[in-house]
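In: Can you look at this prediction? I've put the sequence above it.
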Amino acid sequence: MSGGSRELRAHPRKQAELPVIVADSDNRVEGEICFDTRDLSLTGAFLRSDLLFEVGEELDLAFLLPEGRTVRARGRVVHVVREPRDTNVAGMGISFTNLSDRDREAVRAFLATG
């Protein structure tokens with residue numbers, strides 16, 4: 001594949017800077033950590049951060065949509081960017097493993113807005 005090829009995704013991502021509260025599911029980290037999303041889709045998000053979890057770790061997430069709704073999800077770290085290049089930033093790609101139908105519809109509505 002050439003460097004100019006588009007990445008194919010099952011669900012398109014929307015650029016969005018949303019506050020996210022993260023707790024690791026195994027409670028190895030006490031308390032909660034605040035991150036921001038870089039982008040969001042129906043199936044996951046990219047969280048910007050220099051503090052990184054490892055691929056495979058399960059996280060509990062709560063993020064606030066612009067209209068004021070808090071979405072709660074469980075997710076798994078599927079990608080880690082430790083040394084950003086070009087337009088990349090340090091952070092983690094998260095795949096949602098548990099998202100209620102109601103929260104999924106709220107995310108879908110947010111993604112549909114311009």
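Out: Here it is on my side, so go on.

In: only C-alpha atoms for contact and neighbour calcs from this point on.
Out: OK.

In: I'd like the distance between the nearest residue to Glu32 once chain neighbours are set aside and Val89.
Out: Counting by CA to CA, 6 or more residues apart in numbering, Ala23 is the residue found nearest to Glu32 once chain neighbours are left out, at 4.9 Å. Using CA to CA, to the nearest Å, one gets 21 Å for the distance from Ala23 to Val89.

In: Then Thr37?
Out: Counting by CA to CA, the gap from Thr37 to Val89 is 11 Å.

In: Dihedrals phi and psi, Ile94?
Out: In this entry, Ile94 is assigned phi and psi values of phi -120, psi 130 (degrees, to the nearest 10).

In: Bridged to it, which residues?
Out: Residues in a beta bridge with Ile94, per DSSP bridges, are Ala45, Val77.

In: Give me the pLDDT value at it.
Out: In this model, Ile94 is scored at 96, pLDDT.

In: Look up how far Glu83 lies from it.
Out: 17 Å.

In: who has more neighbours, the two?
Out: Neighbours per residue (other CA atoms under 10 Å) separate Ile94 from Glu83, with Ile94 holding more: 25 against 10.

In: Next up, the contacts around that one.
Out: Contacts for Ile94 (CA atoms under 8 Å, 6 or more residues apart in numbering) come out as Gly44, Ala45, Phe46, Leu47, Gly75, Arg76, Val77, Val78, His79.

In: Specify which member of those is nearest to Leu59.
Out: Nearest to Leu59 out of those is Gly75 (CA to CA; 5.3 Å).
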